[in-house]
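1. What would the 3D arrangement of this be:
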Amino acid sequence: MADDNTGGAWDPIVTPWHLDEHIPAFPIPATASEVLRPDLPAGPVAARMSRLHRAALDAVTPAARPLVLSGDCPTTRAAVAGLQRRHHDLAVLWLDAHGDFNTPAISTSGYLGGMALAMLTGRTPGLFDDTLGLRPIPDTSVVLADARDLDPAERDALSASHVHRVPADPAAVAAALDRLGPVPVYLHLDIDVIHGAELPGARFPSGPGPSLAQIEDCLAAACATATITAAYLACAWLPDHVNDHATRTTITRLTTALGANLAWPSHAGT
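-> Down below sits the predicted model:
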């Protein structure tokens, strides 16, 4: 049973990175409690990401109710590792146009951002160092919403798994969470789950899909059904679009649906 602070104030934490690349223009809310800018050593991408993820772990662990704004999905592993330090059991609600269920063995591109959910479920051993102490989330504790854009081998891997797949529909999301029982839920949202026409400048647009309003309803339904102990928003826009007015409006709407109240600096770009 969750013993957490659902309905409590969110602690916005910003990780303005895509993999190991810093995004200087990433939008920073005036209400952010922490912004991660660690120095990353030269070296392989995975080693640099491991250093970034350790910094994210240190930021998330003490936060009462973390709300992570990031430029990618893999930093999610640090957020979950932090939550596992106070929750023995944890479920995951993952809203994404992609499955993020590739592994180094089946990925056609080797893109690490497409492996984030596979990382959480223990399918990428040895890819990063093990200093986070991340425990694999059981497939049966994962709800994957939408995932309309899958690679063939990734589709097969998901079909062979026990991950619960649902459409990005409020009723379907609520029913799936209800079936998991009273366990704290980590909510992960990649903005590309939204219909591509509503996301100018998206890094990985995925064409027709649920509207922004429908995703807002999904988030509200999740919060009404489950104990959302932390949330993560992957702001996967291209660097020259990530701080557009439309981008910030989308982030504001999504986080408001979670019950957060972000404020932007008066000098934020237009």
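2. Dead centre of this structure: give me the residue that sits there.
-> His188 (3.4 Å; Cα atoms, centre = their mean).
3. Enumerate every residue touching that one.
-> His188 makes contact with 73, 76, 92-96, 231-232, 234, according to Cβ atoms under 8 Å, 6 or more residues apart in numbering. In this view, the C-beta of every residue, glycine as well, is placed from N, C-alpha and C.
4. Show me which of those residues are buried.
-> Among the contacts of His188, those classed as buried by 16 or more other Cβ atoms under 10 Å are 73, 76, 92-96, 231-232, 234.
5. Mark which of these are part of strands, please.
-> In strands, judged by DSSP state E, the following of these are found: 92-96, 231-232, 234.
6. Out of the contacts of His188, which comes closest to Gly114?
-> Within the contacts of His188, the smallest distance to Gly114 is 8.3 Å, found for Cys73 (Cβ to Cβ).
7. which one is the closest one nearest to, not counting chain neighbours?
-> Spatial nearest neighbour of Cys73, excluding adjacent residues (Cβ to Cβ, 6 or more residues apart in numbering): Ala116 at 3.7 Å.
8. Would you agree the one you found is in contact with Asp100?
-> Yes: taking contacts as Cβ atoms under 8 Å, Ala116 lies within contact range of Asp100: 4.3 Å.
9. which residues are in contact with both of the two?
-> Joint contacts of Ala116 and Asp100 (Cβ under 8 Å, 6+ apart) are Cys73.
10. Next, count neighbours for the nearest residue to Arg85 once chain neighbours are set aside.
-> Distance criterion Cβ to Cβ, 6+ apart; nearest residue to Arg85, sequence neighbours excluded, is Thr61 at 5.7 Å. Neighbourhood size, Thr61 [other Cβ atoms under 10 Å]: 16.
11. for the protein, which helix is longest?
-> For the chain, the helix with the greatest residue count under DSSP state H is helix 45-60.
12. Mind listing what's buried along stretch 102-120?
-> 102-103, 106-107, 112-120.
13. How about stretch 136-149?
-> 137, 139, 141-149.
14. Quick check: the farthest pair among those?
-> Longest distance between any two of those is 23.5 Å, between Ser141 and Asp149; criterion Cβ to Cβ.
15. The residue nearest to Cys73 should be in a helix, yeah?
-> Yes: applying DSSP: H, G, I helix; E, B strand; the rest coil, one finds Ala116 inside a helix.
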